[in-house]
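> Sequence and predicted model, in that order:
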Amino acid sequence: MESGRRKRADSSGDEEDDSRRKRTSDVKMATVDRLMGSLSYQGGTSIELKLENLSYLLRNEISPELRKHILQLLITCVGNHPGQASAYATFVGLLNIVNFEFAFECLAFMTQKLHETICNRDWFRMRGVVHFLVDLYNCHVVTSSSLLNFLAGCVKECENVKDPDDELDPVPQTRRDWLAYCVLSAIPMIGKDMQGKAGFEGLMLTLQIYIKKRSTLPTAALCIWRDSKHRDYLELLWQRVDGLRREHWAEPEHQLIPRPYLAFDEALSIGPLHCLRDFQVAPHEHKCPYPPPRVSFYFFPYDTGDEHRELPHPLRIERHLMEVQIQDILKSLHLERRICADNLLAYAATKTQLAVYHCIVEVILSEMLHLPASEWININYGALLVELCKRQPDKVPRVVNHAALILFDRLDSMSVACFDRLVNWLSFHLSNFGFALYWDKWGQSLRSSIVPSATNLQPKAVFLRELLKKCVRLSYPERIAQILPDFLAGFLPRTPIPHFKFVDETLPGALLSKNLLDTMRNKQSCPEMISTLINGTTGIGPLLKINVLTQNCLHLGSKSFSHTFAILCKYHSVFKDLTAGDSEKQHAILNGIFEVWVDSEQFRLVVSERLVRMKVIEPRCIVSWIFGPLMRKELTKIYIWELLHSTVRHVKRVQKQNEVIDVDCPSGTDYAVRSILLDIVNRFVKALSAAPEEHEGSEEHYWFHWVLGRLQETLFLYADDYKNISCKLHKISEEADLRESISKTMQGFLTYVTA
Amino acid sequence: MTASVELSSYRDQHFKGSRSEQERSLRDSCTLYVGNLSFYTTEEQIHELFSRCGDVRVIVMGLDKYKKTPCGFCFVEYYIRSEAEAAMRFVNGTRLDDRLIRVDWDAGFIEGRQYGRGKTGGQVRDEYRTDYDAGRGGYGKLLSQKIAPNTDNR
């Protein structure tokens, strides 16, 4: 008994030691986690101090587990925050002084990870790793010759580009572009040191020739504004880097290249040097999706900013460095709007002489308007801007208002494909700030007052009309009318009240309507009773019967969406029986909806959408309805396209569900999406071809402009699906009698997707 | 990056099931509770705002148990979890009808839950409030009963 107890006491002593050791190592690991994470945040303690703390913590032997842990953290941090690669490189540089093996292991690890990023198509991370390795040179960890060899290896494929006319090149340009981008964007970090070295000058020459030889045609379709220059992203970066070279690599101002290692220059210089191994980029795989072609565009004029803060010229490297920092923060933190805003504002606080707020707003809005489509949902950008405005109310809102005014001013030449995004964003933004906008200033920006009449299809008139509709949808008519200056009152939408036409008892069908209403109001009514009533009625045609039923349901349910949905659900089977498989009859339902809700586009949209989801109206009937003669004038309005895209999303959702059920035959379900998308394009082409060609400024001219833009938008929205049927699109675009602008739009898209 | 979509500390006390079952359904849910709405905010407005995060399957307006009028909350259900997450991230804490609205996970709508649980029919929070909130019927129910003679002329 006695000895047993002692034994237990002994072993518990050992355990205590073990657990204490484990605890200390856990604490150490957690501290390393925290400190390494903090290197990517630009606010708070200085980077230098954080680095000192980290290297002090790790000054002794690093256990194998901790070493593994640090390497994992490194790849995570560098990948998520490529803009802070220099801080992580400095960290490794400081460890290298005392721990040669760690740095050696780190190099092998990171080159392996670089290889993996390409295989995993993790492009963002790939750039981070390249920048990290380049900065290791700056931190006296790798030799200049091995780094230059490494970079030359990265862009080897850019060396022998075939002429565009040559037979099909198996390697797409997008692959070479990305490799060139990763290297070119790292050049400013080492230009000053490396200039004159044969390897470096050779690298620059390779890049220069590549930029000259590559085609910029794929980006031609991506212009946001017809009247201004858009720059291919890679070409623009080259111009900026080349500008720096011509200034003999003079250090960009305002410490825009983060160089935390400078503070440790002396210490780092005694670290042993390593050789980066030769690197071969993993070979191209068929259909690998590389980062697509991009254009860069700017809307703040060059002299924007105020007395104290300047906005660097778009051709200067400083602008690039600022943008990239902001883009990186957005990319890694956009889902958490509060943290993201904190980081953006912390960055702004470190650059007090630059117009960072302008740059932040410009980057966010241009990402939002970006063609072919924005990367994240519209409200993501909106929520970020709201957050920024709330945190810096004396700085950001001014800039956002200025941007909105400029974008409004340039509407005449703006692409239709990003029109809705602008309307949706601004309405959400306004809704968050009491709909307060410098409306008067907008008035001044309209050179002559524009006519609010519905036939006025000038972009600014359409924009104001659609913006106010969205504001009303988020609020209510009286509220918006109250804040709007008089000269814009004509753009307000009509009050959304239902119009039940059978109040007029002389109309054909009024009797059936009255009988139906009486029955439907009765609590005991059931679908069978309604069916019997309808089928028993003679003297009126089936389409009118459907119209009566639809009008009645919407009239009874007009109080809210839920009321409408409830009643439609109740009589679901009646609708199904009356209309099954027949497009004319399904159009009769839509006709009824559009009659009752002539004053509410939102009801028209939401009720039609619901009937599609209830499988009462088939998706193909929505498409034929939208492109039918009755809707011609509606095609210049947003809601009709919301209906079209909601329908396509429905088809896709159903397809996805079917895929789960039917894993063996995915191609069968794919067919539904393809066929509806092809049908849409065909109908676009037909509608556009039938439009009369009229002089610039006429209503018809604008109608054509809007609908052609919607064709482009649709192609862009479903670019991946349309890419799969590009042969068919090609055929359509080459039809002999097709109007030039239509074929140009389609071919521009095809050049873009097949790049 | 998950801070915005984590479960909050609120748990519905009327949930039928264990705490862990409740948390599991909250984690898989596509339904959201939306609070701090004005009594005057309509389903259509809510639809417009929440549609910006994805396709809304259904909205259930919260009603006063006795008066059957909106009492300042609702449930919004999406088809896909990720779209509900987007609403947690981008709509929670933004404005609707000039009010900062609250969006939180909900384990899923069950008939009966659309009614306020306060003694007087509305939400419990509106019973004990001491501030004046024009969008939610003025003062809290208890307080407004006490000062009823004065509020008539307001």
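Alright, I've got the coordinates.
> Show the pLDDT at residue A:277.
At residue A:277, the pLDDT value in this model is 88.
> So residue A:84 versus chain B, what's the distance?
Look at residue A:84 and chain B: by Cβ to the nearest Cβ, to the nearest Å, they are 16 Å apart. C-beta: built from backbone N, CA, C; applies to glycine.
> Report the contact partners of the nearest residue to that residue once chain neighbours are set aside.
Nearest non-adjacent residue to residue A:84, counting by Cβ to Cβ, 6 or more residues apart in numbering or on different chains: residue A:40, 4.4 Å away. For residue A:40, the contact set (Cβ atoms under 8 Å, 6 or more residues apart in numbering or on different chains) comprises A:77, A:80-81, A:84, A:87.
> mind checking which helix or strand residue A:40 is in?
Per DSSP states H and E: residue A:40 is located in neither a helix nor a strand.
> Same question for residue A:183.
Short version: residue A:183 belongs to helix A:173-184, going by DSSP H and E.
> Kindly spell out which helices and strands sit in contact with the helix or strand just after that helix.
Counting by DSSP H and E, the next helix or strand C-terminal to helix A:173-184 is helix A:187-194. Helix A:187-194 is packed against helix A:123-138, helix A:144-154, helix A:198-213, helix A:233-246, with contacts defined by 3 or more Cβ pairs under 8 Å, 6 or more residues apart in numbering or on different chains; DSSP states H and E.
> Indicate which one of those is closest to residue A:346.
helix A:123-138 (19.6 Å; Cβ to Cβ).
> just how off-centre is that closest one within its chain?
25 Å (Cα atoms, centre = their mean, to the nearest Å).
> same check, this time on stretch A:405-412
Distance, centroid of stretch A:405-412 to centroid of chain: 21 Å (Cα atoms, centre = their mean).
> Residues of the stretch 201-350 of chain A that sit close to chain B?
A:332-333, A:335-339 (Cβ under 8 Å from any Cβ of the partner chain).
> Find the nearest non-adjacent residue to residue 57, please.
Just so you know, I chose chain A. residue A:31 (6.2 Å).
> meant chain B actually
Nearest one to residue B:57, counting by Cβ to Cβ, 6+ apart, is residue B:77 at 4.6 Å.
> ok, now which ones touch that neighbour?
So residue B:77 contacts B:30-32, B:56-60, B:84, B:108-109 (Cβ under 8 Å, 6+ apart).
> what's the next secondary structure element after the helix or strand encompassing it?
Under the criterion of DSSP H and E, residue B:77 resides in strand B:70-78. Past strand B:70-78, further along toward the C-terminus, the next helix or strand under DSSP H and E is helix B:81-90.
> Residues in contact with stretch A:174-183: which ones?
A:123, A:126-127, A:130-131, A:151, A:154-155, A:157-158, A:161, A:203, A:207, A:210-211, A:214, A:233-234, A:237, A:281, A:284, A:288, A:290-293, A:755.
> Can I get the buried part of the residues you listed as one PyMOL selection?
To isolate the buried ones among the contacts of stretch A:174-183 in PyMOL, judged by 16 or more other Cβ atoms under 10 Å in any protein chain shown, type:
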select buried, chain A and resi 123+126+127+130+131+151+154+155+157+158+161+203+207+210+211+214+233+234+237+281+290+291+292+293+755
